[in-house]
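1. Here is my input; please provide its structure:
(one chain, ligands or ions: 2)
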Amino acid sequence: MYVCPVCNGLETREQTCQVCSHQMYDRGRVVDYFDDYSPYWEDEDAKLVDGVLESKENHICLHVYHCLACDSEARISIQEQRR
Ligand SMILES: [Zn+2]
Ligand SMILES: [Zn+2]
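-> Numbering: from 1, shown residues only. Ligands and ions are numbered 1, 2, ... in the order given. Presented below is the predicted three-dimensional model:
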């Protein structure tokens, strides 16, 4: 099976903010992070945002990173590892 090393605490992925170059922090998977909002979405929007189907096939875990300095967010693809 494939697991995301970041979700499972095996690895900390460091990400630098593209706006202000500060360290960004992992806020978890995109699908978890946006869960509260998903019932309000149209199908079309949901596909655009998380691409869950595609990411599952490619063994990619999509994470949201947040910059505390300038409050910007980035979506980072984490390659899942085979265990
Ligand atoms: Zn993950
Ligand atoms: Zn920033």
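2. The most centrally placed residue in the chain: what's it in contact with?
-> Nearest to the mean C-alpha position of the chain, counting by C-alpha atoms, centre = their mean, stands H63 at 1.2 Å. By C-beta atoms under 8 Å, 6 or more residues apart in numbering, H63 lies in contact with V6, R13, D26, R27, G28, R29, V30, R75, I76, S77, I78. Where C-beta positions appear, they are placed from N, C-alpha and C, glycine not excepted.
3. So D71: helix, strand or coil?
-> coil (DSSP: H, G, I helix; E, B strand; the rest coil).
4. Next, it: phi, psi?
-> Main-chain torsions, D71, degrees, to the nearest 10: phi 70, psi 20.
5. Can you get me a residue count around it?
-> For D71, the neighbour count with other C-beta atoms under 10 Å is 10.
6. just E14 next, same as before
-> 10.
7. That one against H22, yeah?
-> No: between E14 and H22 no contact is recorded; they are 11.3 Å apart, counting by C-beta atoms under 8 Å.
8. wait, does stretch 11-25 contact ligand 1?
-> No: against ligand 1, stretch 11-25 shows no contacts by C-beta under 5 Å from the ion, the least distance being 9.0 Å.
9. Dump that stretch to PDB, keeping only the CA atoms.
-> Written as PDB, here are the backbone C-alpha positions of stretch 11-25 (Å, rounded to 0.1, in the frame of the first residue of the first chain):
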ATOM      1  CA  GLU A  11       8.800  13.100   7.200                       C
ATOM      2  CA  THR A  12       8.400  16.800   7.600                       C
ATOM      3  CA  ARG A  13       8.200  18.600   4.300                       C
ATOM      4  CA  GLU A  14       9.600  22.100   4.500                       C
ATOM      5  CA  GLN A  15       8.100  24.600   2.200                       C
ATOM      6  CA  THR A  16       9.200  28.200   1.600                       C
ATOM      7  CA  CYS A  17       6.600  30.800   1.000                       C
ATOM      8  CA  GLN A  18       6.700  32.100  -2.600                       C
ATOM      9  CA  VAL A  19       5.400  35.500  -1.600                       C
ATOM     10  CA  CYS A  20       7.600  36.400   1.400                       C
ATOM     11  CA  SER A  21      10.200  33.500   1.700                       C
ATOM     12  CA  HIS A  22       9.200  32.600   5.200                       C
ATOM     13  CA  GLN A  23       8.700  29.000   6.400                       C
ATOM     14  CA  MET A  24       5.300  27.600   5.700                       C
ATOM     15  CA  TYR A  25       3.500  25.100   7.900                       C
END
